[in-house]
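Chemist: this one's structure only:
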DNA sequence: GTGAAAGCGCTAACAG
DNA sequence: CTGTTAGCGCTTTCAC
């Protein structure tokens, strides 16, 4: 039985009488070790509860089989779902993940990347904040895949986005089909996704020959402090009969105001969908992002770049499709 | 400017002409280095974009300033919130976190712990699955704090729970006050929390002289596959006029059935609360767990054990209080 | 106040 | 098929 004393390769070497190198090879199932030796060593390792020191291995091999994941906020349901998918796929491929929240702060993002470089992460998956950073010098040779938002360095890294403009357009079209004629919007200015979704909103108005009124276009702050005020402003003062919120955090903040003031008689739409939107009092037409696919493919793209850089080709920009969920 | 070449201590030593030891001391702000030397070295380090190799440091110092966090599922809103709090407090104390999902699988939990030992984590925060594991031999000397569920090894580790029985009792009492007389319950059998909440449910019935009917006590499976069926069974066949779900995953699954079948005329209660429960069609009376406090204090307890083991005293069992949110 | 040297645990040449 | 040796980058005695 394993006592509190840590079992190392040299310990195994002592006990078996073979060299550390052979132990290492046997544990890594190298073909260059006799099967009987391998068996004996692996059996002993199991008995003694040997577990490799990943840090030592990482130092030696110069890569840690760890993926650094940088997002704005794990508590945002979109990222929760993406991160869960990343963790699952990474685990499947024998990678570990370290997740850092930036709260949309570029300084935090930068520090996170540098800190994770110190962990010798094999690669990054990043939801970039405000396009602000110049990633090339910070990332160096470390592979990275960008998700959700376009990074500053277009074309230098694999990038996995959804069709934001199209999704937003679908939602707004649906609101119009439901009878809305004056649709306010609250979008986000910190990400490229917010900008694209706003463009989709505008395109839908144009397609439906509705006039564009800049005074009913609003932008949330990062903490969503102003969203409630914007919501009542749009729905009461501005007499909107529709509201489009450009992500789920904005939607939830808007719903607070809608619920508190018992606002009715308007159509609600949102980017991002969650199963529990089904239970809402005020029906919300929303687009479901392919969060699982995004997380899974991000890991696949990244590990391909890490493990077979020659197979990876030039960096790609992929747009995944979203799915409209009509309600109300 | 930092080119792609990695800056190490030996690099700094070469450039400045002092020894590696001095560089190391200067970067760690040791008092044993002349101030002018320190300034010079720190300035150069910043210029060249030096960042310490955490792995090398961890190996040398025998601890990684990393916390292993083991939970069942980050997508469960309760854990999302706790984990966010853990990450924030850990970052504040200069610790990094690695989160692993077990999906309530004891084998996965065990592997996760062993794997993280290989990362030389400084400590663990664990939401234990099914009380199944004997933690002493796996954890060895690594400090650990248990959250949400009682671990097998009572008394060996700091443990941070909420007052589950009391919280459940409060909810059920509220349902009774709202007029419910026959309250079905769907709890969870995989965690001690589920058992305690069931006990609270029973206590509330007893206090109110309602009879206990074992046939309206159900247990969800891990994937919540059976919850919808139980829900309609309880609310239709069993003619319950109240339903208590023992965690938020169960609640959401039950809400699916309630919404799909448009079930009405009953009182709904739950353990766990989320702000967006406010927006639900069917009002749900729920207890809010102190997720932030739980995460924050878990990190504090753990880092105390890591950094000042002599101050930490004997392992404590703490019960945090929950907060009833009445709706409907 | 600074330097020399050892070593954490592992793997990868290179020999044989 | 197996052993010897070196070294990843860092910290930490022990000298001076």
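Modeler: In hand now; what should we look at? Source: prediction; values computed, not measured. Numbers count the residues shown, from 1 in each chain, chains lettered A, B, ... in the order given.
Chemist: DNA strand D contacts on chain A?
Modeler: Listed as neighbours of DNA strand D in chain A under the rule C-beta under 7 Å from any atom of the strand: A:17-22, A:25, A:31-35, A:37, A:56, A:59-60, A:62. For the C-beta atoms, the positions are set from N, CA and C on the backbone; glycine is no exception.
Chemist: let's go with 6 Å and repeat that
Modeler: Applying C-beta under 6 Å from any atom of the strand, one finds that chain A approaches DNA strand D through A:18, A:19, A:20, A:21, A:22, A:32, A:33, A:34, A:37, A:59, A:60.
Chemist: could I get those as a markdown table with neighbour count, distance to residue B:89 and secondary structure?
Modeler: As requested, the residues of chain A next to DNA strand D are arranged in a markdown table below (neighbours: other C-beta atoms under 10 Å in any protein chain shown; distance: C-beta to C-beta, whole Å; DSSP: H, G, I helix; E, B strand; the rest coil):
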| residue | neighbour count | distance to residue B:89 | secondary structure |
| --- | --- | --- | --- |
| A:18 | 17 | 46 | coil |
| A:19 | 12 | 45 | coil |
| A:20 | 14 | 40 | helix |
| A:21 | 12 | 43 | helix |
| A:22 | 21 | 45 | helix |
| A:32 | 7 | 48 | coil |
| A:33 | 20 | 46 | coil |
| A:34 | 10 | 51 | coil |
| A:37 | 15 | 48 | helix |
| A:59 | 17 | 29 | helix |
| A:60 | 9 | 33 | helix |
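Chemist: near chain B, from those residues?
Modeler: residue A:59 (C-beta under 8 Å from any C-beta of the partner chain).
Chemist: adding distance to residue B:93, write the residues of chain A next to DNA strand D out as JSON lines.
Modeler: Supplementary listing: those in JSON lines, determined by distance: C-beta to C-beta, whole Å:
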{"residue": "A:18", "distance to residue B:93": "43"}
{"residue": "A:19", "distance to residue B:93": "42"}
{"residue": "A:20", "distance to residue B:93": "36"}
{"residue": "A:21", "distance to residue B:93": "40"}
{"residue": "A:22", "distance to residue B:93": "42"}
{"residue": "A:32", "distance to residue B:93": "45"}
{"residue": "A:33", "distance to residue B:93": "44"}
{"residue": "A:34", "distance to residue B:93": "49"}
{"residue": "A:37", "distance to residue B:93": "46"}
{"residue": "A:59", "distance to residue B:93": "25"}
{"residue": "A:60", "distance to residue B:93": "30"}
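Chemist: in CSV, list the residues of chain A next to DNA strand D along with pLDDT and distance to residue A:118.
Modeler: Shown next, in CSV, are those (pLDDT from 0 to 100; distance: C-beta to C-beta, whole Å):
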residue, pLDDT, distance to residue A:118
A:18, 94, 35
A:19, 94, 32
A:20, 95, 27
A:21, 95, 29
A:22, 96, 32
A:32, 90, 34
A:33, 91, 34
A:34, 92, 40
A:37, 92, 37
A:59, 96, 12
A:60, 96, 17
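Chemist: now the residue in the stretch 201-328 of chain A that DNA strand D sits nearest to: which helix or strand?
Modeler: Nearest to DNA strand D, among the residues of the stretch 201-328 of chain A, is residue A:306, at 18.1 Å (C-beta to the nearest atom of the strand). Element membership for residue A:306, per DSSP states H and E: helix A:291-307.
Chemist: how about that helix, does it reach DNA strand C?
Modeler: No - against DNA strand C, helix A:291-307 shows no contacts by C-beta under 6 Å from any atom of the strand, the least distance being 13.1 Å.
Chemist: what about the residue of the stretch 201-328 of chain A closest to DNA strand D, how many neighbours?
Modeler: 19 (other C-beta atoms under 10 Å in any protein chain shown).
Chemist: pull the contacting residues for it.
Modeler: A:63, A:122, A:123, A:143 (C-beta atoms under 8 Å, 6 or more residues apart in numbering or on different chains).
Chemist: for these, which one is nearest chain B?
Modeler: residue A:63 (10.5 Å; C-beta to the nearest C-beta).
Chemist: is that closest one in contact with residue A:120, as I believe?
Modeler: Yes - Residue A:63 lies in contact with residue A:120 (C-beta atoms under 8 Å); the separation is 6.3 Å.
Chemist: the two: which is more packed in?
Modeler: residue A:120 (21 against 16).
Chemist: what does the domain assignment say about chain A?
Modeler: Domains of chain A are assigned by automatic domain parsing as A:4-52, A:63-163+A:291-321, A:164-288.
Chemist: is any residue of the last one near chain B?
Modeler: Yes - applying C-beta under 8 Å from any C-beta, one finds domain A:164-288 touching chain B at A:252, A:255, A:256, A:258, A:259, A:275, A:276, A:278, A:279, A:280, A:281, A:282.
Chemist: out of those residues, which is most surrounded?
Modeler: residue A:255 (26 neighbours).
Chemist: contacts only, for that one.
Modeler: Contacts of residue A:255 by C-beta under 8 Å, 6+ apart are A:280, A:282, B:276, B:278, B:279.
Chemist: okay, now the unreliable bits of the stretch 51-200 of chain A?
Modeler: A:131 (pLDDT under 70).
Chemist: picking that back up, closest to residue A:227 out of the residues of chain A next to DNA strand D?
Modeler: Ranked by distance to residue A:227 (C-beta to C-beta), the residues of chain A next to DNA strand D are led by residue A:59 at 47.0 Å.
Chemist: that older thread, next SSE downstream of the helix holding residue A:306?
Modeler: Toward the C-terminus from helix A:291-307 - assigned by DSSP H and E - lies strand A:317-320.
Chemist: what pairs with that following strand, parallel or antiparallel?
Modeler: strand A:158-162 (parallel) (DSSP bridges).
Chemist: for the strand it pairs with, list every residue counted as buried.
Modeler: Going by neighbour count (16 or more other C-beta atoms under 10 Å in any protein chain shown), the buried part of strand A:158-162 is A:158, A:159, A:160, A:161, A:162.
Chemist: quick one, it and helix A:291-307 angle?
Modeler: 170 degrees (axes from the mean of the first three to the mean of the last three C-alpha atoms, to 10 degrees).
Chemist: how distant is strand A:158-162 from the center of its chain?
Modeler: Its chain's C-alpha centre and that of strand A:158-162 lie 10 Å apart, by C-alpha atoms, centre = their mean, to the nearest Å.
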